[in-house]
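*Asks:* only geometry, no sequence info:
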Ligand code: PA5
């Protein structure tokens, strides 16, 4: 299979126990804490078997009781959406996403995205990684016709929501001007999530106050994204929002696997991202997963190595060490993916996102010398989008930086990564690198699909169903019960 230049790779060679290493205290520790190549070799047939199992599962028409829930629809969805769009154009799901997003962009300068968990973390990761960190601070004319984006409904923080309303009421006073219009997309697969529902109710009140009680904007500037049934769909229908203004979430795609459904695609398109490139990247990763041999298959490599680090090398803490500040929300998205998918039946690795070099000054000490319970996956972006900012020469050299005058920030970042990896290697702290050529829609599509597929493979290796989140129901039940009692 021909790989495009911008393909993501997983380099785990430096966490394998080195062969024939001369004895030193460090070498002895590496024998204890690194992964023996034989263990990985022994596991490979099982990993390939799991791949076949996952490939078969996604084609099941009837899901037997003991396999439920089985939300494997995300695996083929990117290619399906692209194919359907080619055949059906504007009538396809992707066509509808693009049209509604275009309409929203034309009509509003601020978009509030309501949703929690899988219904918002993917969109946030795309926003932070692919838009300017200062997107919302730029004047409208410098945002190429895309609205400011605000994420809400992912908490029940009174003051935070208040601040959003305050900001909207200060900046938007003339509802006839696009620059002072705002809209909302409300995202909930079940339609019954209290955090999102409460925020939606409050925001509808604000909209009615701003646009008028019966203003058309109350219907036109609201895009609900939800499952086939549920209270959000019923509510929106009752409010008179037309079916064509609502977007679907396929039944066979679970919340944290839904970034390539309208859940992530509509906000992404509204932000002005190239959603086709996202889907192409994701589809390419699915193909690699299904077709490539282990040696060239980052999904299988990542799943196998990390599974073994957890189960055979006593490394239950999985650190995603991110070497680009813009990917922090991607790390948090992965935290949720891993924690909710595999944290079951008393098992599952504990995810932790760190951002470098920032957290070398906070968590670095512990990762270098603390408990030996961690495997570190560096997420490394090989090329910056923008030209390097150089250190340069200065008349005052008290900071002693003139010696690096021909170096830029990317060189300092590279040195920090190499220096950290070397220090961790010497101290027998296992690290591997996910290598991302650059942060683009295509690579983000690849990366997110890779991590979702790897989570499913790892779940199957562990004998744990990676879909569903039965443990989350406990708090929801109690919260509702307590609220009901308090309301009596
Ligand atoms: O992964 C999941 O399924 C969850 O994190 C959900 O996305 C989250 O609980 C929100 O659910 P809903 O979209 O039904 O509001």
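*Replies:* Good, I have the coordinates. Everything quoted here is computed from the prediction, not taken from an experiment. Numbering: from 1, shown residues only.
*Asks:* Could you pull out the strands in the stretch 101-250 of the chain for me?
*Replies:* Ranges of strands within the stretch 101-250 of the chain are 110-114, 148-152, 182-188, 222-226, 247-248, based on DSSP state E, counting those that start in this stretch.
*Asks:* any chance of those strands in a markdown table, plus distance to the ligand, mean neighbour count and mean pLDDT?
*Replies:* C-beta: built from backbone N, CA, C; applies to glycine. Output for those, formatted as a markdown table (distance: least, C-beta to the nearest ligand atom, whole Å; neighbours: other C-beta atoms under 10 Å; pLDDT from 0 to 100):
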| stretch | distance to the ligand | mean neighbour count | mean pLDDT |
| --- | --- | --- | --- |
| strand 110-114 | 10 | 25 | 98 |
| strand 148-152 | 13 | 20 | 98 |
| strand 182-188 | 3 | 27 | 98 |
| strand 222-226 | 8 | 25 | 98 |
| strand 247-248 | 13 | 19 | 98 |
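*Asks:* For those strands, give me JSON lines that also has distance to residue 160.
*Replies:* What follows is those, written out as JSON lines (distance: least, C-beta to C-beta, whole Å):
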{"stretch": "strand 110-114", "distance to residue 160": "12"}
{"stretch": "strand 148-152", "distance to residue 160": "8"}
{"stretch": "strand 182-188", "distance to residue 160": "16"}
{"stretch": "strand 222-226", "distance to residue 160": "21"}
{"stretch": "strand 247-248", "distance to residue 160": "26"}
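*Asks:* Of all those strands, which one comes closest to residue 14?
*Replies:* Closest approach to residue 14 among the strands of the stretch 101-250 of the chain (C-beta to C-beta): strand 148-152, 36.7 Å.
*Asks:* Can you give the distance from the lowest-mean-pLDDT helix or strand in the chain to the centre of its chain?
*Replies:* For the chain, scoring each helix and strand by mean pLDDT, DSSP states H and E identifies helix 473-487 as the least confident one, at a mean of 89. Taking C-alpha atoms, centre = their mean, to the nearest Å, one finds the center of helix 473-487 at 29 Å from the center of the full chain.
*Asks:* which strands and helices sit next to that helix?
*Replies:* Helices and strands touching helix 473-487, by 3 or more C-beta pairs under 8 Å, 6 or more residues apart in numbering; DSSP states H and E, are helix 194-211.
*Asks:* Hey, what's the angle from the helix it packs on to strand 148-152? Just curious.
*Replies:* Note on geometry: by axes from the mean of the first three to the mean of the last three C-alpha atoms, to 10 degrees, helix 194-211 and strand 148-152 are set 130 degrees apart in direction.
*Asks:* centre of the chain versus helix 194-211, how much separation?
*Replies:* For helix 194-211, the separation from the chain centroid amounts to 26 Å (computed by C-alpha atoms, centre = their mean).
*Asks:* Is it positioned near the ligand?
*Replies:* Yes: contact between helix 194-211 and the ligand is present through residue 196 (criterion: C-beta under 6 Å from any ligand atom).
*Asks:* Run through who's touching that helix.
*Replies:* 112, 114-116, 119, 152-156, 161, 165, 168-169, 172, 175, 182, 184, 186-188, 215, 217-218, 221-222, 231-232, 239, 476, 479-480 (C-beta atoms under 8 Å, 6 or more residues apart in numbering).
*Asks:* make it 7 Å
*Replies:* With C-beta atoms under 7 Å, 6 or more residues apart in numbering as the test, helix 194-211 has contacts from 112, 114-116, 119, 152-156, 161, 165, 168, 172, 175, 184, 186, 188, 217-218, 479.
*Asks:* so the residue of the chain most remote from its centre, which of the three states?
*Replies:* In the chain, the greatest distance from the average C-alpha position (C-alpha atoms, centre = their mean) is reached by residue 395, at 44.6 Å. Put simply, residue 395 is coil when judged by DSSP: H, G, I helix; E, B strand; the rest coil.
*Asks:* What is the three-state secondary structure of residue 345?
*Replies:* For residue 345, the secondary-structure state derived from three-state DSSP is coil.
*Asks:* now the nearest residue to residue 77 once chain neighbours are set aside: how far from residue 94?
*Replies:* Distance criterion C-beta to C-beta, 6 or more residues apart in numbering; nearest residue to residue 77, sequence neighbours excluded, is residue 260 at 5.7 Å. Residue 260 sits 10 Å away from residue 94, going by C-beta to C-beta, to the nearest Å.
*Asks:* Residue 260 should be in a strand, yeah?
*Replies:* No: membership of residue 260 in a strand is not supported by three-state DSSP, which gives coil.
*Asks:* Would you show me how to pick out the buried ones of the contacts of helix 194-211 in ChimeraX?
*Replies:* The command below creates a ChimeraX selection of those among the contacts of helix 194-211 that count as buried (16 or more other C-beta atoms under 10 Å):
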select :112,114,115,116,119,152,153,154,161,165,168,172,184,186,188,217,218
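*Asks:* was I right about residue 127 contacting residue 147?
*Replies:* No: shown here, residue 127 and residue 147 do not form a contact pair, counting by C-beta atoms under 7 Å, at 11.3 Å.
*Asks:* Of those two, which one has the most company?
*Replies:* Ranked by neighbour count (other C-beta atoms under 10 Å), residue 127 and residue 147 place residue 147 first, with 25 against 22.
*Asks:* got a list of what the more buried one touches?
*Replies:* Taking C-beta under 7 Å, 6+ apart as the definition, contacts of residue 147 comprise 105, 108-111, 270.
*Asks:* rewinding a little: shared neighbours of residue 260 and residue 94, which are they?
*Replies:* By C-beta under 7 Å, 6+ apart, residue 260 and residue 94 have no common neighbours.
*Asks:* thinking again about what came up before, with respect to residue 21, which of the contacts of residue 147 is nearest?
*Replies:* When the contacts of residue 147 are compared for distance to residue 21 (C-beta to C-beta), residue 270 comes out closest, at 53.5 Å.
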